[in-house]
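Chemist: Got a predicted structure plus its sequence, pasted below:
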Amino acid sequence: DTGVSQNPRHKITKRGQNVTFRCDPISEHNRLYWYRQTLGQGPEFLTYFQNEAQLEKSRLLSDRFSAERPKGSFSTLEIQRTEQGDSAMYLCASSRRAGLGTDTQYFGPGTRLTVL
Amino acid sequence: AQSVSQHNHHVILSEAASLELGCNYSYGGTVNLFWYVQYPGQHLQLLLKYFSGDPLVKGIKGFEAEFIKSKFSFNLRKPSVQWSDTAEYFCAVHNNNDMRFGAGTRLTVKP
């Protein structure tokens, strides 16, 4: 068990460019979450997957954001036409749903996005 | 909508002082409650969690939290802090598919 990993750890891009982040969850964790965290705030939920199915999306997730988890293992988060307001830490977490009330999320180190 | 409030933004303590960080939430139904910690330069780590049963839960590194349903609170406590406890602490509330975090409390422990 190597924990949740995220790549890249840092990304600097120019406004208007597209970026893609990857998350590898803990193996056999069937749930995967994406969050965004800005300075001085706690993580804000963006979306989550159970296996390959995207079950919920926050209203924070504009149509420029898309997430996939094609084989139910790793996930990608793409931001199209980036804006300066997209600058944040993007966190991934995974969990193994073993029954009601036992869903503990384990977080990765995050990808810090800076949009110039 | 569900919300989580952490009233203290920054707490400064001397080593060996006692700690209590407040966390209140707004949701009235069944919830799961968590405290996460983020040490400088590291990622979020689970400190402790409450799902059911004894409302006083013990976590790692001597931390504990008490769930008081009538007050919608889940305060974090430690009887004697150490310099190594310097970190940011986040309370989180999970209900069904909704996970909400508080804004965090930065704890600075002076040696």
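Modeler: Thanks, I have it. Numbering: from 1, shown residues only, chains lettered A, B, ... in the order given.

Chemist: Quick check: bridge partners of the residue of chain B found nearest chain A?
Modeler: Using Cβ to the nearest Cβ, residue B:101 is the residue of chain B that sits closest to chain A, at 3.2 Å. No exception for glycine: its C-beta is placed from N, CA and C like everyone else's. Here residue B:101 sits in beta bridges with residue B:92, going by DSSP bridges.

Chemist: what residues are up against it?
Modeler: Listed by Cβ atoms under 8 Å, 6 or more residues apart in numbering or on different chains, the contact partners of residue B:101 are A:42-44, B:4, B:36, B:90-92.

Chemist: Out of these, list just those in strands.
Modeler: Here DSSP state E is the test, and those give A:44, B:4, B:36, B:90-92 as lying in strands.

Chemist: Could you check how far the lowest-mean-pLDDT helix or strand in chain A is from the centre of its chain?
Modeler: In chain A, no helix or strand scores lower on mean pLDDT, DSSP states H and E than strand A:53-57, which sits at a mean of 87. Taking Cα atoms, centre = their mean, to the nearest Å, one finds the center of strand A:53-57 at 12 Å from the center of the full chain.

Chemist: Give the partner strands of that strand in its sheet and their orientations.
Modeler: Going by DSSP bridges, the partners of strand A:53-57 are strand A:44-50 (antiparallel).

Chemist: before we move on, the earlier item: got CSV for the ones in strands among the contacts of residue B:101, with pLDDT too?
Modeler: Formatted as CSV, the ones in strands among the contacts of residue B:101 follow (pLDDT from 0 to 100):
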residue, pLDDT
A:44, 93
B:4, 94
B:36, 95
B:90, 97
B:91, 96
B:92, 93
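
Chemist: how near is residue B:37 to residue B:77?
Modeler: Relative to residue B:77, residue B:37 is positioned 14 Å away (Cβ to Cβ, to the nearest Å).

Chemist: more neighbours, the two?
Modeler: Remark: of residue B:37 and residue B:77, residue B:37 carries more neighbours, 22 against 14, as counted by other Cβ atoms under 10 Å in any protein chain shown.

Chemist: show me the contacts for that one.
Modeler: B:44-45, B:47, B:87-90.

Chemist: Give me the buried subset of these.
Modeler: Buried subset of the contacts of residue B:37 (neighbour count, 16 or more other Cβ atoms under 10 Å in any protein chain shown): B:44, B:47, B:87-90.
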